[in-house]
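okay, sequence plus prediction incoming.
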Amino acid sequence: TSMVTQLSSIVSEAESEVKNIKSNIDEDIKNNMSKFEVGINKKFEELDTEINPIKEGYSEGRILLEKLQKIITKFRNLT
C-alpha cells in the first residue's frame, strides 16, 4: 500500500500542477485577448473616423444626382 500511496500522491501533485498551469494559461489568454481586443477596437474607431467623410460625401453626391435627375425630367417635360 505504500507504493499505492506514493502513486496517489504523485497523481495528486501532477493534477494540482496541471490545474495551476491551466489557470495560468487561461489568465494569459484573457490578458492577451484583452490587449488584442483594445487594439482592434481602436483600429475600428480610426477606420470609422476615416470613412465618415466618404460616407457623408457619398450621401451628398447621391442627393445631388437625384436633384439633377429631377431637373432633367422637368426639362424633358418642357419640350
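Structure's in. What do you need? Just so we're clear, the structure is a prediction, and the values are computed from it rather than from any experiment.

element containing the residue nearest the centre of the chain, please.
The residue lying closest to the centre of the chain (C-alpha atoms, centre = their mean) is I40, at 5.5 Å. Counting by DSSP states H and E, the secondary-structure element that holds I40 is helix 2-78.

burial of K74, as a residue count?
9 (other C-beta atoms under 10 Å). (C-beta placed from N, C-alpha, C; glycine too.)

roughly how far does it sit from E66?
With distances defined as C-beta to C-beta, to the nearest Å, the gap from K74 to E66 amounts to 13 Å.

repeat for F75
With the distance defined as C-beta to C-beta, F75 ends up 15 Å from E66.

and what of I72?
From I72 across to E66, the span is 11 Å (C-beta to C-beta).

likewise F36?
In this structure, F36 and E66 are 43 Å apart, going by C-beta to C-beta.

now I51
For I51, the distance to E66 under the criterion C-beta to C-beta works out to 22 Å.

same question for S23.
Here the criterion is C-beta to C-beta. By it, S23 lies 61 Å from E66.

what mean pLDDT does stretch 72-79 get?
Stretch 72-79 shows an average pLDDT of 86 in the prediction.

I'd like the distance from it to the chain centre, please.
Once both centres are worked out by C-alpha atoms, centre = their mean, to the nearest Å, stretch 72-79 turns out to sit 51 Å from its chain's centre.

thank you, goodbye.
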